[in-house]
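In: What follows is a predicted structure for the sequence shown.
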Protein chains: 2
Amino acid sequence: MTATTYDVLGIGNAIVDVLAKTEDGFLAEQGMSKGAMALIDESRAAAIYQAMGPATEISGGSAANTIAGVADFGARAAFVGKVRDDQLGNVFSHDIRAIKVAFDTRPASVGAATARCYILVTPDGERTMNTYLGAAQDLSPADIDPAQIAASSIVYLEGYLWDPKNAKESFLKASKIAHENKRTVALTLSDAFCVGRYRDEFLDLIKTKTVDLVFANEAELLSLYQTNDFNAALTQLRGDASLAVVTRSEKGCVVLSGDKATPVPASPVKQVVDTTGAGDLFAAGFLFGLVRGFNHEDCGRLGALAAAEVIQHIGARPQTSLKALAQASGLSV
Amino acid sequence: MTATTYDVLGIGNAIVDVLAKTEDGFLAEQGMSKGAMALIDESRAAAIYQAMGPATEISGGSAANTIAGVADFGARAAFVGKVRDDQLGNVFSHDIRAIKVAFDTRPASVGAATARCYILVTPDGERTMNTYLGAAQDLSPADIDPAQIAASSIVYLEGYLWDPKNAKESFLKASKIAHENKRTVALTLSDAFCVGRYRDEFLDLIKTKTVDLVFANEAELLSLYQTNDFNAALTQLRGDASLAVVTRSEKGCVVLSGDKATPVPASPVKQVVDTTGAGDLFAAGFLFGLVRGFNHEDCGRLGALAAAEVIQHIGARPQTSLKALAQASGLSV
């Protein structure tokens, strides 16, 4: 293997989050499924925006949040995703580069606007998402630079990338190049509804080892195997995936590797303000642990640490130094 | 007097804030004057944005923040200010309308982009501002609707409005119409550097009673009368203005009316997170008190209440119901 330039390279939808507080009643009125991510078209996006309260704009995107976390831990990170050359595209590009993430994907100069995700945060801290994919739809295999993939220790893909039509091929191209160069490919299942849309394809990616590492939360795991039996689903995933991590909110996570299932507790949290980014930041900590050579339990602890940080404030990217938090927790790196 | 449609109508620069945490060293490197607002051109805006960290976009603008506060207290509010018809202009328009503020100023379809203010928040919660006025420059007397001004009990103007060339005439036109209709005109001096730029003009506005109510903080007051003697400056302002309020951060405020100077204490604060909007929200509370017929001391208390709310979180607009806070404090309305 040749030397790497990046520890983790993420490929995902480049999205600006539009966050607003709301009440449960608003979700009901709008026919939204609480806690889920729904894809919306331009006219629905306009209608939701019209109806929702004052908001805060902040860079988001699932894999992009993970990559922001990886960079904050102090690792070398890169991101691939499509924005339009508009004001929100500039916001996304500025924010990810400002945290020292390499972001070289050429912005689209025509077509749909930069993707937005309307995130409605209810008083319990839960977030309900409505995504207008916009320019993120236009990520294509031409945006995947073989040399950059080959130079990345881990390539991390979000399940949401299965939604934009062309992105799927980009995803597969990246996985192929990564494996040709003996790199690791990781996938997050993203969302239970997303698993519902692409169950067979995701299972195929896992079983054929197109991905080496799978992140899933409980709902995604149960949806993947169409069961209500958590332990049965865990056993199936353990058989199908080389390495997998199932996150369980305040119950921590379980790392599945070969015949081992290692539980890791969650980190303590004073107050849950906004759960946006919890899964994304968990993945950041776990991936960072992997590239630094920690054992799976400590990788899980790093994931738990980052997830706990991000749910205690508004926004899906870290506001406290994850590097410092890791060091304070004895996971010095 | 005819009936009013609005309790308070604000005229100001329509700005989207771009907030980032930073260290004092960054301000020094960039030659920024801590705590002040500097006007910047497009190339300086690009250079600052390039150098600053990841940010959050949130609607701002001094008078617009005040008006947001007035609406949150439950009063009828309107805003006049110029955005461009771009993504950030849409963000500004959405956010102010989402809180039930009438905002009917036609956006510019050509020219500079919507105004932005790069706000750098240091660990002590102090904010240092760099404003690119952009489309806000283009507010003109044609944007002032005489019927709307005539129907507003108080017209509130920000001193910053003296910076865009055409806005000055809009300001004077609004004041004239308001007084012809026996309405009250209020002005905030905005910033000590702003007072430095327009001292004589501001003094003239006050002495000629073009404005009836003046808001100033200590630094602005001292700059206005070019003195270091707080009590001497207070005496001068008491002589020049019909009604004035001088805010003093944690020392509370002093309301000056005729021969009376009434001190009002600040509201308790657990932790100062970001002082952006403190003066704006103080004005909101005071103006709300006035339109509801409270005495000056209670107006000051309402101001202190709103200021305390806004400095305990990121962003310059209230996140907790000011109406509920006022009721909980016995200032039921």
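Out: Sure thing, it's come through.
In: In three-state terms, label the nearest residue to A:D124 once chain neighbours are set aside for me.
Out: Counting by Cβ to Cβ, 6 or more residues apart in numbering or on different chains, the nearest residue to A:D124 once its immediate chain neighbours are dropped is A:V272, at 7.5 Å. Any C-beta I mention is one placed from the backbone N, CA and C, and that applies to glycine too. Per DSSP: H, G, I helix; E, B strand; the rest coil, the secondary structure class of A:V272 is coil.
In: next one: A:P54
Out: With three-state DSSP as the basis, the three-state label of A:P54 is coil.
In: Can you get me a residue count around the residue nearest to A:D124?
Out: Residues lying near A:V272 (other Cβ atoms under 10 Å in any protein chain shown) number 15.
In: Any stretches of chain A with poor pLDDT?
Out: The model of chain A has pLDDT under 70 over residues A:1, A:333.
In: and it, which residues reach chain B?
Out: When proximity is defined by Cβ under 8 Å from any Cβ of the partner chain, chain A lies next to chain B at A:21, A:49-50, A:52-59, A:68, A:86-88, A:91, A:94-96, A:98-99, A:113, A:314-315, A:317, A:319.
In: again, 6 Å this time
Out: On the criterion Cβ under 6 Å from any Cβ of the partner chain, chain B has as its neighbours in chain A the residues A:53-54, A:56-58, A:86-88, A:95, A:98-99.
In: Only the buried subset of the residues you listed, as a PyMOL command please.
Out: Buried members of the residues of chain A next to chain B can be picked out in PyMOL with the line below, counting by 16 or more other Cβ atoms under 10 Å in any protein chain shown:
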select buried, chain A and resi 54+56+57+58+86+87+88+95+98+99
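In: will you turn the residues of chain A next to chain B into a markdown table that also has secondary structure and distance to A:A36?
Out: Listed next are the residues of chain A next to chain B as a markdown table, based on DSSP: H, G, I helix; E, B strand; the rest coil; distance: Cβ to Cβ, whole Å:
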| residue | secondary structure | distance to A:A36 |
| --- | --- | --- |
| A:G53 | coil | 20 |
| A:P54 | coil | 23 |
| A:T56 | strand | 21 |
| A:E57 | strand | 22 |
| A:I58 | strand | 20 |
| A:D86 | coil | 27 |
| A:Q87 | helix | 28 |
| A:L88 | helix | 23 |
| A:D95 | helix | 25 |
| A:A98 | helix | 30 |
| A:I99 | coil | 28 |
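In: which residues touch the residue of the stretch 151-300 of chain A found nearest chain B?
Out: Using Cβ to the nearest Cβ, A:V273 is the residue of the stretch 151-300 of chain A that sits closest to chain B, at 10.4 Å. Contact analysis of A:V273 by Cβ atoms under 6 Å, 6 or more residues apart in numbering or on different chains lists A:125, A:312-313.
In: May I have the phi/psi pair for it?
Out: The phi and psi values for A:V273, taken as degrees, to the nearest 10, are phi -100, psi -40.
In: Taking the stretch 101-250 of chain A, what residue is nearest to chain B?
Out: Using Cβ to the nearest Cβ, the single residue of the stretch 101-250 of chain A nearest to chain B is A:A113, 7.3 Å away.
In: Buried members of the contacts of A:V273 into PyMOL, please.
Out: Typed into PyMOL, the line below selects the buried ones among the contacts of A:V273, using 16+ other Cβ under 10 Å:
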select buried, chain A and resi 125+313
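In: In helices only, show me the contacts of A:V273.
Out: Secondary structure assignment by DSSP state H places none of these in helices.
In: just to revisit the earlier point, Three-state assignment for the residue of the stretch 101-250 of chain A closest to chain B, please.
Out: coil.
In: Tell me how many other residues crowd it.
Out: Per other Cβ under 10 Å, the neighbour tally for A:A113 reads 19.
In: Check A:A324 too.
Out: Neighbours of A:A324 under the rule other Cβ under 10 Å: 12.
In: what do you get for A:A47?
Out: Using other Cβ under 10 Å as the criterion, A:A47 is surrounded by 13 other residues.
In: any residues touching the helix or strand containing it, and which ones?
Out: In this assignment (DSSP states H and E), A:A47 forms part of helix A:42-51. Helix A:42-51 has contacts (Cβ under 6 Å, 6+ apart) with A:118, A:130, A:132.
In: returning to that earlier point: let me have the contacts of A:V273 in a markdown table, extended by distance to A:S175.
Out: Putting these into a markdown table (distance: Cβ to Cβ, whole Å) gives the following:
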| residue | distance to A:S175 |
| --- | --- |
| A:G125 | 34 |
| A:Q312 | 34 |
| A:H313 | 34 |
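In: between the residues of chain A next to chain B, which is closest to B:N166?
Out: Nearest to B:N166 among the residues of chain A next to chain B is A:Q87, at 24.0 Å by Cβ to Cβ.
In: so who does the spatially closest residue to the closest one that is not a sequence neighbour touch?
Out: Distances taken as Cβ to Cβ, 6+ apart place B:Q87 nearest to A:Q87, at 4.1 Å, with adjacent residues excluded. Contacts of B:Q87 were listed using Cβ under 6 Å, 6+ apart, and they are A:86-88.
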